[in-house]
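Visitor: Here's a sequence, model it:
(one chain, ligands or ions: 1)
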Amino acid sequence: MTAWPSHWQPFLWGAATSSHQIEGGQHNDWTEWEARGRGREPSGIAIDHWTRWDSDFQYLTLLGLNSYRFSLEWSRIEPEPGHINHEALDRYRAMAGWLRDHQITPLVTLHHFTLPVWVARAGGFFHPHAHQWFQRYVRTALDALGDLVPLYVTINEPLVLVVMGYVIGVWPPGEQRVFRAFPLMDRLAQIHQVAYHTIKERYPEAWVGLAHHLIAFHPWTLSPLDRATARLFRFLMNERFMRRVNPYQDFIGVNYYTRQYAHWTRGLRLIQNRPQAITSDLGWELYPDGLQEVLAPLAMFQKPIIITENGIATTDDSLRARYLEEHLRVVGKAQAHGLAIRGYFHWSLFDNFEWAEGFAPRFGLIGIDYATLARTVRPAALRYRQIIEANRNRWPITVPSPSE
Ligand code: IFM
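Guide: Below you'll find the predicted structure:
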């Protein structure tokens, strides 16, 4: 087992965001996609985090978090090939510096779904030079803030990127060419590997991983065909890529949200929930046991695990608190059974732009009134703070009752 550095917080209590979903005012492949009327609405100024970041960061201390996951926007840093926007880098450095000054460990994501327009127009990650372009961007980011950042996610949810953009086609580039999925996964694995080595060469003590979106796949019926279909989904979506990149990850980042049912009816089908299920506003089932199900097979990799995302889109904040508590209980149990889970990042710190679904889904611990952009601390956020406070120096973590 790779040892967790003893000078780091034993458990990272965090929340996560991504640049495109909160910053506002970007110009990237997504804003072009939105301008073409794809998706529900344009991201526009989002929650205007780019200008309000320092007042927004007060919420990190208010909630008692000791870590924060955010992403750098490649299109902002390098809007044209080789042309660096130093102002943008200065602002990201100021963010990382603020976090250091407040003893909050930054976990930086380098790619969270968006691409600079010039990369996208050249064919995105399929371009034969894409790994070199990404490497140049990573080096630029390291020059600017590498001394302040100990933890990196190179690519967020590679498989989601592939499926949404190249199989279902509801995200840019909007392709429905399944046969491109496999070469793209290989390409993403290669790009991750290049980024991994680039970071480790410059900062050998930094920890680098990916955020894998893992789903608890179950068969829809007990038929052998549905069981085999569930196994196939597990292999294709959760396992194959993980094995491929495992030699190049210091920790395993897990984004877990829900269960899905695999069904065979003249082809592969995924069903989101059963009629009686408790669900989010996006129809995703609340299924905390699924977190244990996706974590258990990771034991064989003998690496620390960080829950890089977990959260629920809901306007019912008591459901958010319940979701949080039930998933944290699973984390505690998994730790008690020997899994080295070293952090939990709630998705998300703020309500934000949920890609093709627009602004309607409410994932935030902090709510946003989009008419005024006023921020409101939701009760679930305070419950999270209470859980964090109760767990200082505790292993495994526990979830105290609200009255404790
Ligand atoms: O909002 C997204 C995030 O960008 C990536 N993981 C899943 C979240 C909820 O859909």
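Visitor: Is my assumption valid that R322 occupies a position in a helix?
Guide: Yes - note on R322: a helix contains this position according to DSSP: H, G, I helix; E, B strand; the rest coil.
Visitor: which ones are touching it?
Guide: With C-beta atoms under 8 Å, 6 or more residues apart in numbering as the criterion, the residues that contact R322 are L286. (C-beta placed from N, C-alpha, C; glycine too.)
Visitor: Next, count neighbours for Q386.
Guide: One way to gauge burial is a neighbour count; for Q386, by other C-beta atoms under 10 Å, it gives 17.
Visitor: E201 sits in which helix or strand?
Guide: Taking DSSP states H and E as the criterion, E201 maps to helix 181-202.
Visitor: packing partners for that helix?
Guide: If you count contacts as 3 or more C-beta pairs under 8 Å, 6 or more residues apart in numbering; DSSP states H and E, helix 181-202 packs onto helix 130-145, strand 151-156, helix 158-162, strand 207-219, helix 240-245.
Visitor: buried stuff in it?
Guide: Under the neighbour-count criterion of 16 or more other C-beta atoms under 10 Å, helix 181-202 has 181, 184-185, 187-196, 198-200 buried.
Visitor: between these, which is closest to the ligand?
Guide: L188 (15.2 Å; C-beta to the nearest ligand atom).
Visitor: Strand partners (parallel or antiparallel) of the lowest-mean-pLDDT helix or strand in the chain?
Guide: Of the helices and strands making up the chain, the lowest-confidence element is strand 268-271, at a mean of 91, by mean pLDDT, DSSP states H and E. Paired strands of strand 268-271, with direction, are strand 252-264 (antiparallel) (DSSP bridges).
Visitor: What's the mean pLDDT across the strand it pairs with?
Guide: Within the predicted structure, the mean pLDDT of strand 252-264 is 97.
Visitor: and the angle for it with strand 151-156?
Guide: Taking axes from the mean of the first three to the mean of the last three C-alpha atoms, to 10 degrees, strand 252-264 and strand 151-156 form an angle of 30 degrees between their directions.
Visitor: mind exporting strand 252-264 as CSV, just the C-alpha atoms?
Guide: Presented in CSV, the C-alpha positions along strand 252-264 are these (Å, rounded to 0.1, in the frame of the first residue of the first chain):
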residue,chain,number,x,y,z
ILE,A,252,-7.7,6.5,-6.9
GLY,A,253,-10.2,9.3,-7.2
VAL,A,254,-13.8,8.1,-7.1
ASN,A,255,-16.9,10.1,-8.2
TYR,A,256,-19.9,8.1,-7.0
TYR,A,257,-23.5,9.2,-7.4
THR,A,258,-25.9,6.3,-8.1
ARG,A,259,-27.0,2.9,-9.3
GLN,A,260,-28.1,2.0,-12.8
TYR,A,261,-29.8,-1.1,-14.1
ALA,A,262,-28.5,-3.0,-17.0
HIS,A,263,-31.1,-4.7,-19.3
TRP,A,264,-30.9,-6.6,-22.5
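Visitor: hmm, it touching the ligand?
Guide: Yes - in terms of C-beta under 6 Å from any ligand atom, part of strand 252-264 sits within range of the ligand, namely N255.
Visitor: V331: neighbour count?
Guide: Each residue near V331 was counted by other C-beta under 10 Å, and the total is 25.
Visitor: surely it meets I307?
Guide: Yes - in this structure V331 lies within contact range of I307 using C-beta atoms under 8 Å: 6.6 Å.
Visitor: Common neighbours of these two, please.
Guide: Common neighbours of V331 and I307, counting by C-beta under 8 Å, 6+ apart, are L291, I341, Y344.
Visitor: Three-state assignment for the first one, please.
Guide: Assigned by three-state DSSP, the conformation of L291 is helix.
Visitor: Next, the contact list for it, please.
Guide: Under the criterion of C-beta under 8 Å, 6+ apart, the contact list for L291 reads A216, Y256, I307, N310, H327, V330, V331, A334.
Visitor: try it again with 10 Å
Guide: Applying C-beta atoms under 10 Å, 6 or more residues apart in numbering, one finds that L291 lies in contact with 214, 216, 254, 256-259, 307, 310, 326-331, 333-334, 341.
Visitor: Could you check how far it is from P158?
Guide: For L291, the distance to P158 equals 20 Å [C-beta to C-beta, to the nearest Å].
Visitor: just the last one next, same as before
Guide: Here the criterion is C-beta to C-beta. By it, Y344 lies 21 Å from P158.
Visitor: mind listing what R329 touches?
Guide: R329 makes contact with P288, L291, Q292, I397, T398, V399, according to C-beta under 10 Å, 6+ apart.
Visitor: Compute the inter-axis angle for the helix or strand harbouring it and strand 252-264.
Guide: Secondary structure from DSSP H and E places R329 in helix 317-336. Helix 317-336 runs at 110 degrees relative to strand 252-264, counting by the same axes, to 10 degrees.
Visitor: Can you name the element that comes right after helix 317-336?
Guide: strand 341-347.
Visitor: What average pLDDT does that next one get?
Guide: Strand 341-347 carries an average pLDDT of 98.
Visitor: Downstream of it, the next helix or strand is which one?
Guide: Downstream of strand 341-347, the next assigned helix or strand under DSSP H and E is strand 366-369.
Visitor: by contact count, what packs against that next one?
Guide: The contact analysis (3 or more C-beta pairs under 10 Å, 6 or more residues apart in numbering; DSSP states H and E) places strand 366-369 against helix 49-62, strand 374-377, helix 379-390.
Visitor: now for those, which one comes closest to the ligand?
Guide: Between the ligand and the helices and strands packed on strand 366-369, the tightest spacing by C-beta to the nearest ligand atom is seen for helix 49-62, at 14.2 Å.
Visitor: what about the very next helix or strand once past the closest one, near the ligand?
Guide: Scanning the chain past helix 49-62 towards its C-terminal end, the next helix or strand to appear is strand 67-71 (assignment: DSSP H and E). No - using C-beta under 6 Å from any ligand atom, we find that strand 67-71 stays clear of the ligand, coming within 8.9 Å at best.
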